[in-house]
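> Just need the structure, nothing else, for what follows:
(chains A, B, C and D)
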Protein chains: 2
Amino acid sequence: MGTKGSANRQRIIVAADHLFYSHGYNQTSFSDISDETGIPRGNFYYYFKTKEDILGAVVDARVSDFKEILQQCEKDTLDPLERLQLLAQFPLKHESDVLKYGCPIGSLSLELMKEQASDISQMPLTAVFDLLKEWVEVQLSALGQTSNADEIAKDLLAKLQGVTLIASVYNDVAYLHRGINDVKDWLNQILSH
Amino acid sequence: MGTKGSANRQRIIVAADHLFYSHGYNQTSFSDISDETGIPRGNFYYYFKTKEDILGAVVDARVSDFKEILQQCEKDTLDPLERLQLLAQFPLKHESDVLKYGCPIGSLSLELMKEQASDISQMPLTAVFDLLKEWVEVQLSALGQTSNADEIAKDLLAKLQGVTLIASVYNDVAYLHRGINDVKDWLNQILSH
DNA sequence: GTCTATACCTTGATAGAC
DNA sequence: GTCTATCAAGGTATAGAC
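Numbering: from 1, shown residues only, chains lettered A, B, ... in the order given. This is a model prediction of the structure:
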């Protein structure tokens, strides 16, 4: 296999993914990734030209991960409403991390939308958000919600982001659970026939 | 007046406040603050022992700012429900900044809850959130909502955070307006007699 | 109180041996 | 392909002249 699938390259991406989440992108140094992988700092440049390239690879990896998650939701149930419920309660599967570091998508987006030294704004930052939003819209269309699918999808993402952010700020597991239940209730209310 | 109220100290705080918001705390260097104020880097240490001390002063300043904002809400109307509406639509006053950099409180909290080199987690990060939440609870109590004031207050903060985050991710003014209107409608729905 | 010069460290990135 | 040594730049922080 080519360089793209190198085992070391993959280990760098996995470690960077974790560190970008737990420490933030800007606060993650090559030394940090080196410490976690055992791969020397200078060796990274064989696999990636720049730190931004690592970020790009991490974003790609997250998109792939979420594609699998969404496919699993589609396998678990054929009912679009139930699929949306499954997506809504997904943060509970990573409860402790969500409380400690917030939502990986939301927190990274917020960090990168700030003015950066090297303008990184042209990156596919919203790639994961876009993926989720489009998938939600597909489920909504299947439920007959075609005209305002875009708005409902944004509302769903906003509600989940809000709940996870406040839950993490107050380190409040109970609120995370209650808030996500409220989101599911809201989905039922506006979508059940 | 003492050192605390020095004009230079104040200028540093104001510049740091802006930069922590637009660039992020970790991405703001002493050089950045120096460039914006004209005060030499080395001079900062006369007013602040460390960068974290500047952060503390900025948080204090933001708490003071929001105290004034809340007092203004109290002056503008005596109706607690209308006061909550005023708070909810406050982000619209800083529309363009909110779209560019997200919510100053939410984004800073999310940045600082990540694991830092010097553990900054003991800081009063949630000071502004706490101030807002307690004020909201006071208004709710005045409306007879005493038992679940804590939960409703968290819900209000979560909804506002969610709307501002999604609006900024998609740079979508229209959604910001619509989302905040929805929050106000929600307040009316659960609180109007 | 204000400013300059600088120490010391870490950063992202490069060069070149093996 | 892998690793070491090193670079230039920028970070926070300090010392000391004025």
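
> per-residue pLDDT, A:M123?
With respect to pLDDT, A:M123 scores 70.

> Which secondary structure state is assigned to it?
Three-state assignment for A:M123 (DSSP: H, G, I helix; E, B strand; the rest coil): coil.

> mind listing what it touches?
Contacts for A:M123 were tallied using CB atoms under 8 Å, 6 or more residues apart in numbering or on different chains; they are A:52, A:55-56, A:59, A:112. From N, CA and C alone the C-beta is placed, and that goes for glycine too.

> Looking at these, which one is closest to DNA strand D?
The closest of these to DNA strand D turns out to be A:E52 (CB to the nearest atom of the strand; 16.1 Å).

> re earlier: farthest-apart pair in the contacts of A:M123, please.
Maximum pairwise distance in the contacts of A:M123, criterion CB to CB, is 11.5 Å, between A:G56 and A:L112.

> and the two? which has more neighbours close in?
Using other CB atoms under 10 Å in any protein chain shown as the criterion, A:G56 and A:L112 rank with A:L112 on top: 20 against 16.

> Tell me if the helix or strand where the more buried one lies is near chain B.
Under DSSP states H and E, the secondary-structure element containing A:L112 is helix A:104-113. Yes - applying CB under 8 Å from any CB of the partner chain, one finds helix A:104-113 touching chain B at A:106-107, A:109-111, A:113.

> Narrow the contacts of A:M123 to those in helices?
A:52, A:55-56, A:59, A:112 (DSSP state H).

> any chance of the residues you listed in TSV, plus pLDDT and distance to DNA strand C?
As requested, the ones in helices among the contacts of A:M123 are exported to TSV (pLDDT from 0 to 100; distance: CB to the nearest atom of the strand, whole Å):
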residue	pLDDT	distance to DNA strand C
A:E52	96	7
A:L55	97	10
A:G56	96	12
A:V59	97	16
A:L112	96	14
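
> For the host helix or strand of A:F20, name the packing helices and strands.
Here A:F20, judged by DSSP H and E, is contained in helix A:7-22. With contacts taken as 3 or more CB pairs under 8 Å, 6 or more residues apart in numbering or on different chains; DSSP states H and E, helix A:7-22 sits against helix A:30-37, helix A:44-47, helix A:51-76, helix A:95-101, helix A:104-113.

> I'd like the average pLDDT over that helix.
pLDDT averaged over helix A:7-22 gives 98.

> Now do that helix: everything it contacts.
A:3, A:28, A:32-33, A:36-37, A:39, A:43-44, A:47-48, A:54-55, A:57-58, A:61-62, A:97, A:100-101, A:104, A:107-108, B:114-115.

> give the contact list for A:T77.
Per CB under 8 Å, 6+ apart, neighbours of A:T77: A:83, A:86.

> any idea how chain A splits into domains?
With domains defined by the TED database, chain A comprises A:1-49, A:62-191.

> So what does A:H23 look like in phi/psi?
phi -110, psi -20 (degrees, to the nearest 10).

> Chain B versus that one, what's the distance?
Using CB to the nearest CB, to the nearest Å, we find A:H23 at a distance of 5 Å from chain B.

> Cross-check the contact I'm expecting between that residue and B:E115.
Yes - between A:H23 and B:E115 a contact is recorded at 5.3 Å, counting by CB atoms under 8 Å.

> anything in stretch A:40-50 near DNA strand C?
Yes - with CB under 7 Å from any atom of the strand as the measure, stretch A:40-50 is seen reaching DNA strand C through A:41-42, A:45, A:49-50.

> Next to DNA strand D, which bits of chain A? Give me the list.
Counting by CB under 7 Å from any atom of the strand, chain A sits next to DNA strand D at A:2-3, A:6, A:8, A:39-43, A:46.
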